[in-house]
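Undergrad: Prediction below, plus the sequence it came from.
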Amino acid sequence: MEENWDVIVVGAGTGGIPTAVFAGQRGARVLLIEADERIGGTLHWSSGQMTAAGTKLQKKHGIEDHPDWHFDDCMRISNGDFEPVLGRIAIENAAESFDWLCDNGFEPEPNTPVAGWGHEPHRTRRYAWGPDGGLSILQAMEPQLDAEIARGTVTLIMQTKMTRLLTKDGAVIGIEVEARDGEKAEVFGQNVVLTTGGYAASREVWAELTPNHPLRSHCNPYSRGEGILAARAVGAKVDKGEQFLCSYAGVMQDPNDPLSVRGGLMLNPHFRRPWEICVNRQGKRFVREDHPSVDVREHALLEQDGMEMWFVFDEGIRQNAPHFHSEIEREHIVGLFNKHPSYFMADTVEELAEKCGVDGAGLKATLVEYNEAVESKKDKFGRESLPRPFDRAPYYAIRAVGFTVLSPGGLNIDKEMRVLDTENQPIANLFASGEVLGKARISGKTYLSGMSVLPAITFGRLLGQKKLTWRGLNSAAAE
Ligand SMILES: Cc1cc2nc3c(=O)[nH]c(=O)nc-3n(C[C@H](O)[C@H](O)[C@H](O)COP(=O)(O)OP(=O)(O)OC[C@H]3O[C@@H](n4cnc5c(N)ncnc54)[C@H](O)[C@@H]3O)c2cc1C
């Protein structure tokens with residue numbers, strides 16, 4: 001490994017690849033370090049949904065849009081709960097990033113853009129993704145990276161992780177790396193960019209940064225918070241870990257493994273009206289199951305004991321309701337009850353409650369009350385989907401949990417993308433982009449559609465294109 005690089009990028013994922021590509025295009029000698037044996041990071045997991053206003057795609061469809069409207073939507077949906085300066089940078093530069101992907105082979109799904117999908121809808125159609133989710137994005141970016149590697153501007157080292165940041169007189173001067181065989185080395189650079197992703201795969205980091213919410217996640221196992229910890233060790237501020245909102249809702253494949261959550265339940269009432277009821281550990285309903293706002297349902301679940309709930313139904317509902325799972329066939333679901341650790345079935349309500357760990361008296365009373373609501377067509381939560389009462393054994397329950405695909409907290413940066421210390425002063429030569437900043441930084445305690453993937457790409461692009469400087473960079477390339 002060469003000893004002194006213009007730019008060291010740590011993490012060859014969503015944000016790291018464009019950082020390296022654009023810095024390389026400006027002539028930087030870039031070292032790109034990746035812990036995994038493949039590049040792409042969370043793009044291998046992500047749905048890759050992106051939101052941008054003023055894209056060529058929108059123009060092609062005759063959709064009028066403006067970043068100011070996008071910003072207003074984000075403010076409205078998050079109740080103003082995100083950092084406006086960084087949010088504005090992400091939003092104002094989103095279309096250029098999205099167009100860059102399209103110019104390089106990214107083909108959005110034909111039915112996109114849409115106004116909303118899994119999260120709160122925007123005022124106009126600006127939300128798009130590719131046929132293979134995050135992989136469609138990687139397929140567009142990878143050839144760009146390959147071109148820079150071929151030109152000799154970017155050197156990619158795989159299966160090697162950063163273990164700490166090196167400093168001198170308070171400035172970052174490089175990183176320590178460790179290869180899979182345990183061999184360590186120090187590498188030096190004028191700029192170090194942390195694009196190491198979040199921490200939703202680390203029980204320890206989650207417990208420390210987001211202590212009031214249990215970890216249940218479905219994410220890249222390399223999202224271990226190593227960049228966050230390394231920056232904190234040299235004085236960086238880490239915040240927003242408590243700005244957490246769970247997703248609604250997933251099933252743990254192993255109740256003892258917080259990383260075993262899988263989605264797939266069809267919970268969007270716009271696509272499938274619920275026939276089941278949702279109860280908490282007390283056997284009580286806690287939300288209007290068909291509330292059109294997923295944000296309302298997510299916040300309600302967040303407040304429940306253990307962030308868990310049970311979808312309860314009976315044989316009549318099971319046989320007549322539309323299919324409940326997008327990933328498992330109807331006939332296979334039946335076989336899961338009393339075999340899968342989150343699927344329960346019993347001949348009586350009391351027995352079901354006992355099996356699944358819900359209060360029996362509470363559940364019984366809830367079913368009586370729900371049956372009355374079906375009869376009178378008046379539900380105390382205002383639920384409109386009241387297709388049939390509970391009247392036929394056996395009874396069923398699926399335990400589900402609020403889970404996450406992202407981590408809320410992370411590093412703070414200024415508008416030059418310099419990592420800030422606990423006094424809000426930039427740490428010299430240290431930059432960051434992507435989930436290492438924490439999802440809450442530009443989403444707040446809610447989900448803003450497509451506001452993680454594209455901001456990671458945008459900040460990476462801006463870093464490589466204009467924010468980073470190095471000795472020997474000519475002034476034309478500097479801006
Ligand atoms: C299931 C799922 C669905 C999602 N859907 C969406 C969506 O539709 N829209 C959206 O906007 N967001 C979505 N997200 C979130 C979004 O995909 C991520 O926030 C984003 O991709 C993270 O990008 P990143 O560059 O910060 O991290 P990553 O893409 O994870 O890249 C980080 C890289 O750093 C490497 N690394 C980590 N530690 C080290 C180390 N110490 N040394 C060297 N390398 C290291 C990792 O191996 C990885 O390659 C989703 C996430 C998941 C899991």
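TA: Nice, thanks for sending it over.

Undergrad: Taking this protein, what residue is nearest to the ligand?
TA: As assessed by CB to the nearest ligand atom, the ligand sits closest to residue 13 within the chain, at 1.9 Å. C-betas here are computed from N, CA, C, even on glycine.

Undergrad: Can you give me the neighbour number for that residue?
TA: Neighbour count of residue 13, defined by other CB atoms under 10 Å: 29.

Undergrad: Okay, now the unreliable bits of the protein?
TA: The model of the chain has pLDDT under 70 over residues 1-3, 475-479.

Undergrad: swap the cut-off to 80 and go again
TA: For the chain, the stretches flagged by pLDDT under 80 are 1-3, 474-479.

Undergrad: list the helices and strands the strand ranked longest in it packs on?
TA: Scanning the chain for the strand with the most residues, using DSSP state E, yields strand 184-194. Under the contact definition 3 or more CB pairs under 8 Å, 6 or more residues apart in numbering; DSSP states H and E, strand 184-194 sits against strand 4-10, strand 160-168, strand 171-179, helix 226-233, strand 426-432.

Undergrad: What's the local residue count around residue 283?
TA: 21.

Undergrad: Quick check: phi and psi on residue 103?
TA: phi -60, psi -20 (degrees, to the nearest 10).

Undergrad: For residue 454, see how far away it is.
TA: The spacing between residue 103 and residue 454, counted by CB to CB, to the nearest Å, is 15 Å.

Undergrad: got it, and residue 396?
TA: From residue 396 to residue 454 the distance is 40 Å (CB to CB).

Undergrad: that older thread, between residue 103 and residue 454, which one's more packed in?
TA: Per other CB under 10 Å, whichever of residue 103 and residue 454 has more neighbours is residue 454, with 25 against 10.

Undergrad: Contact distance from the ligand - what residues of the stretch 51-200 of the chain qualify?
TA: 134, 161-162, 195-197 (CB under 6 Å from any ligand atom).

Undergrad: rerun that using 8 Å as the cut-off
TA: Counting by CB under 8 Å from any ligand atom, the positions of the stretch 51-200 of the chain adjacent to the ligand are 51, 118, 129, 133-134, 160-163, 177, 195-198, 200.

Undergrad: Kindly report the residues of the stretch 301-450 of the chain close to the ligand.
TA: Looking at the ligand, the residues of the stretch 301-450 of the chain close enough under CB under 8 Å from any ligand atom are 405-406, 433-437, 439, 449-450.

Undergrad: and if we set it to 6 Å?
TA: Checking the stretch 301-450 of the chain against the ligand by CB under 6 Å from any ligand atom, the hits are 405-406, 434-436, 450.

Undergrad: In the residues you listed, find the pair that's most separated.
TA: Spanning the widest gap among those are 436 and 450, at 18.5 Å by CB to CB.

Undergrad: Those two - which one has more neighbours?
TA: More crowded of residue 436 and residue 450, by other CB under 10 Å: residue 436, with 33 against 24.

Undergrad: how is the protein carved up into domains?
TA: Using automatic domain parsing, the domain parsing of the chain gives 4-240+407-478, 247-403.

Undergrad: Determine how far the last residue of the last one lies from the first.
TA: Read that as domain 247-403. For domain 247-403, the first-to-last residue distance is 5 Å (CA to CA, to the nearest Å).

Undergrad: what about the closest residue to residue 232 other than its chain neighbours, neighbour count?
TA: Among residues not flanking residue 232 along the chain, residue 238 sits closest, at 5.1 Å (CB to CB, 6 or more residues apart in numbering). Close neighbours of residue 238, defined as other CB under 10 Å, add up to 21.

Undergrad: With residue 310 instead?
TA: Residue 310, neighbours per other CB under 10 Å, totals 24.

Undergrad: circling back to that earlier point, what comes up buried for the longest strand of the chain?
TA: Neighbour-count burial for strand 184-194, counted by 16 or more other CB atoms under 10 Å, picks out 187-194.

Undergrad: what's the farthest-apart pair in those residues?
TA: Across the buried residues of strand 184-194, the longest distance by CB to CB is 16.0 Å; it joins 188 and 194.

Undergrad: And residue 470, how far from residue 429?
TA: Between residue 470 and residue 429 the computed distance is 10 Å (CB to CB).

Undergrad: In terms of neighbours, single out the busier of the two.
TA: Per other CB under 10 Å, whichever of residue 470 and residue 429 has more neighbours is residue 429, with 22 against 18.

Undergrad: Beta-bridge partners for the nearest residue to the more buried one once chain neighbours are set aside, please?
TA: Spatial nearest neighbour of residue 429, excluding adjacent residues (CB to CB, 6+ apart): residue 172 at 4.3 Å. Residue 172 has the following beta-bridge partners by DSSP bridges: residue 167.

Undergrad: ok, residue 172 touching residue 192?
TA: Yes - with contact defined as CB atoms under 8 Å, residue 172 reaches residue 192; the gap is 5.1 Å.

Undergrad: Now the common contact residues for these two.
TA: Common neighbours of residue 172 and residue 192, using CB atoms under 8 Å, 6 or more residues apart in numbering, are 165, 429-430.

Undergrad: could you dump these to CSV with distance to residue 253?
TA: Formatted as CSV, the shared contacts of residue 172 and residue 192 follow (distance: CB to CB, whole Å):
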residue, distance to residue 253
165, 36
429, 43
430, 38
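
Undergrad: can you pull the contacts of the residue nearest to residue 232?
TA: Residue 238 neighbours (CB under 8 Å, 6+ apart): 209, 228, 231-232, 409-411.

Undergrad: make it 10 Å
TA: By CB atoms under 10 Å, 6 or more residues apart in numbering, residue 238 lies in contact with 199, 205, 208-209, 225, 228-229, 231-232, 409-412, 422, 436, 438.

Undergrad: If we only consider those, which is nearest to residue 242?
TA: Checking the contacts of residue 238 against residue 242 by CB to CB gives residue 409 as the nearest, at 7.4 Å.

Undergrad: can you map out the strands along the stretch 251-400 of the chain?
TA: 261-262, 277-279, 308-314, 343-346, 395-403 (DSSP state E, counting those that start in this stretch).

Undergrad: now these as CSV including distance to residue 144?
TA: Output for the strands of the stretch 251-400 of the chain, formatted as CSV (distance: least, CB to CB, whole Å):
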stretch, distance to residue 144
strand 261-262, 32
strand 277-279, 45
strand 308-314, 43
strand 343-346, 45
strand 395-403, 33
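
Undergrad: which one of these lies closest to residue 87?
TA: Nearest to residue 87 among the strands of the stretch 251-400 of the chain is strand 395-403; the distance by CB to CB comes to 24.6 Å.

Undergrad: Please name the nearest non-neighbouring residue to residue 258.
TA: Once flanking residues are discounted, residue 258 sits nearest to residue 215: 4.4 Å by CB to CB, 6+ apart.

Undergrad: wouldn't the one you found be in contact with residue 223 here?
TA: No - here residue 215 does not reach residue 223: they are 11.4 Å apart, not a contact under CB atoms under 10 Å.

Undergrad: which SS class is residue 135?
TA: Per DSSP: H, G, I helix; E, B strand; the rest coil, the secondary structure class of residue 135 is helix.
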